[in-house]
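A.B. asks: quick one: sequence plus predicted model below, questions after.
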2 protein chains.
Amino acid sequence: MNRPATIKDIARKLNISISTVSRALRNASDVNSDTKNAVLALSEELNYQPNKLAVSLRQNQTHTIGVIVPNLDYVIATMVKGIDEAALEAGYTVMVCQSNESFGREILNTRRLLDSLVDGFIISVSSETKSFEHFKKIQERNIPIVVFDRITPALVAPSVRLDNEEGGFIATEHLLEQGYKRIAILAGPENLGISNSRMDGYLNALKKYKIKSDNNLIIHCDFNQDYAFFATQELLAMKKRPDAIFTISDRMAIGAMLAIKQKGLKMPQDIGLVGFNNEPVVGLVTPGISSVEMPCFEIGKVAAKLFIETMYHNEDMSNVEKILKPKLIIRESSQRILPATRRLR
Amino acid sequence: MNRPATIKDIARKLNISISTVSRALRNASDVNSDTKNAVLALSEELNYQPNKLAVSLRQNQTHTIGVIVPNLDYVIATMVKGIDEAALEAGYTVMVCQSNESFGREILNTRRLLDSLVDGFIISVSSETKSFEHFKKIQERNIPIVVFDRITPALVAPSVRLDNEEGGFIATEHLLEQGYKRIAILAGPENLGISNSRMDGYLNALKKYKIKSDNNLIIHCDFNQDYAFFATQELLAMKKRPDAIFTISDRMAIGAMLAIKQKGLKMPQDIGLVGFNNEPVVGLVTPGISSVEMPCFEIGKVAAKLFIETMYHNEDMSNVEKILKPKLIIRESSQRILPATRRLR
DNA sequence: TTTGTGCCCGATACCGTTGCCGGCAACGCT
DNA sequence: AGCGTTGCCGGCAACGGTATCGGGCACAAA
C-alpha cells in the first residue's frame, strides 16, 4: 500500500547504504555532493518524511514540551498560544493538558505526558495544589521544568510571571486617586501566590496613602463568579460598607458587578470597581469595568523561550526569574474624576 | 543515572528472557502465573513505564489523535475538552493545533501532526479553506478523519455537528412570535456551511410565517465583532430599518449590540436581537442577549467516540452523520412579550 | 517406546533511524 | 616505497519494545 517512504527505500533505489542516505539527509558533510544531490532529489520525489518515532527513540528526545495548565480560560489560552508560537519557531511541539484546578488531574496529566516522553514541562499549577512532590521527582530525573503565571516558592525552577504586586498596587492606587476611601479586596484562596502578591500590592498602596487596612474588607473566596457575587453581597450589607472593590480576577469582578447592580448601586458614583486580567468581557458590560491588563501572549512566549534556553544551556537556571509589567486599563466602573479633555468611551 | 527502567532490566534481574517479560506485562496468557507475578512485582518496584515510542514504532500506531481547529474560542475550547475526555477514556491522547482561520496554517498543522504520526484526525475546518486536497490525500492513505462542527460536503467523512438549520429556525421563529416583522440576519462568509445552514433555517421560519425575505436584510460579513458592528450600523441607517437582528454568532451579536446602543435604540422595545452559541458573555451584558445554545462538550465527546469507532470497525463509515439539537435561551434582548407569570431575570 | 499435546519459555527478526567505527581508494609527502 | 591524511562510504549495534516461530519438557494416549 501507499506506505510512506523510508530511508531504506531511498538506499535501495540508489544502490547505496542506509548510513549514507542518513548522512546525506542531515549532516551533509562527509558525503559526496553528487550522491547527496541524488538522495535529496529522490527523497523529494518520494515525499520522504523522517519517522519521528524512530528518531526520537534513537536520540532519546522527542522535541515535545508538556504544558500543564489549570484550565483554558481566556488568559491561559492566550498564554498557551504564546508558548505554542515560540515553541514552533524553535522546532518544538507542545502537548497541552488541563488539570481543571484539580490536584488529582494534575498528577494524572503529569504521568500522561511523562509517558509520552516529553522533553520537559512548562507548568502553571492548579489552585488546589499544595504538594509538589510529583514535580520534584521529575526534576530529580533531570527533566527540565519551567513554571509560569502561577508560581510558588515551593517549586524551585526558572519562572515567568507578571509583577502581581505592581498590578495590585496600580489598581488600588488608581481607586485612591479617584477619591475612594474604603476599598475592599476580593482575593483568592489563601495559598495562591498570585492572589497574595496582588494583595500585597493592595496593602502597599493603602500604606502609601496612609490608610490603615481593615481586615473586614479583605475577603478570601474561590476564584469564581458565584462566590464573588455572594461575597460582594455581604460586603454591601455591612453597616460601613466599602466604597470601592478591587477583585483579583475579572471573573470575580463580574460577580461583584452583578451584586452591585442587584443592590441598585451605581458605578462609579456609589461604588468603584477594578478587576484583573482585562478579559474582553469587562469592556462589553455596562458600565465597562476597569482592569489590570497582563501581557498574556508575551508571558507564554517568554516561558517557551526560557524553556528552550534551559534545554541548551545545561547550567542550573532555576533562579532565573522573568517578571513582566502590568498596565491599568481605566473604564467607567472606577472613573469618578473625569479627565480634563473628555470622557473615555 | 536515574534512567527509567526497561523491560531488559526486569529480564536481567529475574534471569528470564525479554520476551517472557513482555508477555507477562500484557497478554498475561501463555506465561506461568508465578513468573508473571514476579514480573509484575518487580516492574512495580522499579516503577516501570513502557516506552511509548518503542511500542508505537513497532505497532505502527501512536494512539494519538490530531485535532485541528480554526481557533480556541469558548465554543471550540469546550468541544476540545469533550474530545479530550472521551479520547482519554479510550486510551488515546490528543494533540491540538489551531489554524487561526488560515488555510496556510491549516496545511502546516496537518503536516506537523502527520509528522508526529497521529493515528488520525478530528477536524473543524478553517473558514478560509476552500480546497480540501490536503485532507483527501490523507484519506487516500487510509488515515481516518472525522469532521465536526464546521463540516463541508466537499470532504466525505463521518461527521458530528449541530442541527444548524434548526438553530436558525428556532431563533427566527422566536423573533416572529415576539411580533418582530422585519428581521435581518448577519451571516458569515458565503462559503461557510454552518452559516448557510443557519440562514436556511432563518428563511424557512420566514416562509412558515408567510413573510417574504428581503435581500437587503441578509448581510454576509466576517465572523467578527467589528465587521458586525459596521454592518449593523448600515442596517440601522436604512430608511426602512429592520426591527430585529439574528446573528449567527455571539461575537457578532456583541458587535450588533454595540452599534444598537450607539444609535440610542433600546432592546427589546425598538429592536430585537438573538445570537448564536450562548457564550457566557451574552448573559453578562445589559440587556442579556438571547442566544441559541449548542451542546459543545457533547459534540466533542461524540466526535471522539465516532473516531474511535472508525478505528476499530473497518467498514467505511464516511456516511455516518451525527446531528445534535440546539436549544434557544431567551433573555431580555428579544423578549417583548413577557411570559404570563413573571419576567425572567 | 513412540507419538501427540499443551504449557512455558527463549531466540530472533523487526519497526526506522542514528552514531560509531573501520575500510578503502586516492593523493601528497618524506 | 612507505607513510599519514583525507574524502567517501558501508557495516553494525543500538534505542525499547512486539510478534512469530519453534523448542524443551511433562504428561497422557497409542
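C.D. replies: That came through fine.
A.B. asks: C-alpha coordinates for stretch A:174-189, CSV please?
C.D. replies: Extracted C-alpha coordinates of stretch A:174-189, given in CSV (Å, rounded to 0.1, in the frame of the first residue of the first chain):
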residue,chain,number,x,y,z
HIS,A,174,-6.0,54.4,40.9
LEU,A,175,-9.0,53.9,43.2
LEU,A,176,-7.4,56.1,45.9
GLU,A,177,-6.6,58.8,43.4
GLN,A,178,-10.3,58.7,42.4
GLY,A,179,-11.1,59.5,45.9
TYR,A,180,-12.3,56.2,47.2
LYS,A,181,-11.6,55.7,50.8
ARG,A,182,-12.9,52.3,52.0
ILE,A,183,-11.5,49.9,49.4
ALA,A,184,-12.3,46.2,49.8
ILE,A,185,-10.4,43.4,48.1
LEU,A,186,-11.8,40.2,46.9
ALA,A,187,-8.8,37.9,47.0
GLY,A,188,-8.5,34.2,46.0
PRO,A,189,-7.7,31.1,48.1
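A.B. asks: so which bits of that stretch are buried?
C.D. replies: Of the residues in stretch A:174-189, A:174-176, A:178, A:180, A:182-188 count as buried by neighbour count, 16 or more other C-beta atoms under 10 Å in any protein chain shown. Where you see a C-beta, it was placed from the backbone N, CA and C, and this is true even at glycine.
A.B. asks: those in strands, which ones?
C.D. replies: Counting by DSSP state E, these place A:183-187 in strands.
A.B. asks: closest one of these to DNA strand C?
C.D. replies: Nearest to DNA strand C among these, counting by C-beta to the nearest atom of the strand, is residue A:187 at 51.0 Å.
A.B. asks: how near is that closest one to residue B:165?
C.D. replies: 48 Å (C-beta to C-beta, to the nearest Å).
A.B. asks: need the residues of chain A near DNA strand C, please.
C.D. replies: Contacts of chain A with DNA strand C, taken as C-beta under 7 Å from any atom of the strand, map to A:3, A:6-8, A:18-19, A:22, A:25-26, A:48-51, A:54-55, A:57-59.
A.B. asks: out of those residues, which end up buried?
C.D. replies: A:6-7, A:22, A:25, A:48, A:51, A:54, A:57.
A.B. asks: taking those, tell me the two that lie furthest apart.
C.D. replies: A:48 and A:57 (18.4 Å; C-beta to C-beta).
A.B. asks: can you tell me the closest non-neighbouring residue to residue A:232?
C.D. replies: Leaving out its chain neighbours, the residue that sits closest to residue A:232 by C-beta to C-beta, 6 or more residues apart in numbering or on different chains is residue A:259, at 3.7 Å.
A.B. asks: swap that for residue A:62, please
C.D. replies: residue A:56 (4.5 Å).
A.B. asks: what's the helix or strand for the one you found?
C.D. replies: Residue A:56 is part of helix A:52-59 when elements are defined by DSSP states H and E.
A.B. asks: so how far is that helix from its chain's centroid?
C.D. replies: Between the centre of helix A:52-59 and the centre of its chain there are 30 Å (C-alpha atoms, centre = their mean, to the nearest Å).
A.B. asks: tell me which helix or strand comes right after it.
C.D. replies: strand A:64-69.
A.B. asks: pLDDT of that next one, averaged?
C.D. replies: Averaging pLDDT along strand A:64-69 gives 95.
A.B. asks: could you check the angle it makes with helix A:52-59?
C.D. replies: Computed with axes from the mean of the first three to the mean of the last three C-alpha atoms, to 10 degrees, the direction of strand A:64-69 lies at 100 degrees from that of helix A:52-59.
A.B. asks: alpha carbons of strand A:64-69, as PDB, please.
C.D. replies: The C-alpha coordinates for strand A:64-69 follow below in PDB (Å, rounded to 0.1, in the frame of the first residue of the first chain):
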ATOM      1  CA  THR A  64       7.900  17.900  22.600                       C
ATOM      2  CA  ILE A  65       7.000  20.100  25.500                       C
ATOM      3  CA  GLY A  66       4.400  19.100  28.000                       C
ATOM      4  CA  VAL A  67       2.300  22.000  29.100                       C
ATOM      5  CA  ILE A  68       0.100  21.700  32.100                       C
ATOM      6  CA  VAL A  69      -2.400  24.400  32.900                       C
END
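A.B. asks: from the contact counts, what lies against whichever helix or strand comes after that strand?
C.D. replies: Sequence order places helix A:74-89 as the next helix or strand after strand A:64-69, per DSSP H and E. Secondary-structure packing of helix A:74-89 (3 or more C-beta pairs under 8 Å, 6 or more residues apart in numbering or on different chains; DSSP states H and E): strand A:64-69, strand A:93-98, helix A:296-312.
A.B. asks: average pLDDT for helix A:74-89?
C.D. replies: For helix A:74-89, mean pLDDT is 93.
A.B. asks: then stretch A:192-208?
C.D. replies: Stretch A:192-208 comes out at a mean pLDDT of 96.
A.B. asks: circling back to that earlier point, out of the buried ones among the residues of chain A next to DNA strand C, which comes closest to DNA strand D?
C.D. replies: Distance to DNA strand D, by C-beta to the nearest atom of the strand, is smallest for residue A:57 among those, at 4.2 Å.
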